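# Have a look at this fold, sequence not included:
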């Protein structure tokens, strides 16, 4: 995974903008598919939790990077999107850590 991140970091500036969006969109989805596969296999919850945590990080990076690529202003509602993603994944895979972390960023964004 680190090799993929470092490779993308190296070639990111040379890619056209039309390539940024599919890359940023497919990475969290592929990680969620991997988490679903690990969850369905009935193994320990460690692997689905790890993959879903990586998907959550990829989702946060996706929102920030798409905002930078499209030259959008930062919004406090991004925290609400992150919290919603964490809560949905936590309910789907019965992950208590993400379920506990989900409402934390939503609190300051709602004030």
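That came in fine, so what should we check first? Small disclaimer: the values here were computed from a predicted structure and weren't measured.
# what's the least confident helix or strand in the protein, going by average pLDDT?
Using mean pLDDT, DSSP states H and E, the weakest-scoring helix or strand in the chain turns out to be helix 103-110, at a mean of 55.
# Output the below-cut-off pLDDT ranges for this structure.
1, 101-111 (pLDDT under 70).
# Tell me which residues are up against stretch 56-69.
Residues outside stretch 56-69 that contact it (CB atoms under 8 Å, 6 or more residues apart in numbering) are 17, 20-21, 24-25, 27-28, 31, 72-75, 78, 81-82, 85-86, 89, 98. Every residue, glycine included, has its C-beta placed from N, CA and C.
# Leaving out sequence neighbours, find the closest residue to residue 96.
residue 90 (7.5 Å; CB to CB, 6 or more residues apart in numbering).
# Number of residues surrounding that neighbour?
By the criterion of other CB atoms under 10 Å, residue 90 has 20 neighbours.
# Settle this for me: it is touching residue 55, isn't it.
No - between residue 90 and residue 55 there is no contact under CB atoms under 8 Å: 11.6 Å.
# before we move on, which element is residue 66 in?
Following DSSP states H and E, the helix or strand that holds residue 66 is helix 46-69.
# Can you give me the neighbour number for residue 78?
Look at residue 78: counted by other CB under 10 Å, it has 15 neighbours.
# element containing it?
Assessed by DSSP H and E, residue 78 sits inside helix 77-93.
# other SSEs contacting that helix?
helix 17-40, helix 46-69, helix 96-101, helix 103-110 (3 or more CB pairs under 8 Å, 6 or more residues apart in numbering; DSSP states H and E).
# residue contacts, residue 15?
With contact set as CB under 8 Å, 6+ apart, residue 15 has these partners: residue 23.
# And the closest residue to residue 39 other than its chain neighbours, how close does it get to residue 29?
Take residue 39 and drop its neighbours on the chain: the residue closest to it by CB to CB, 6+ apart is residue 48, 4.2 Å away. Separation of residue 48 from residue 29 (CB to CB, to the nearest Å): 15 Å.
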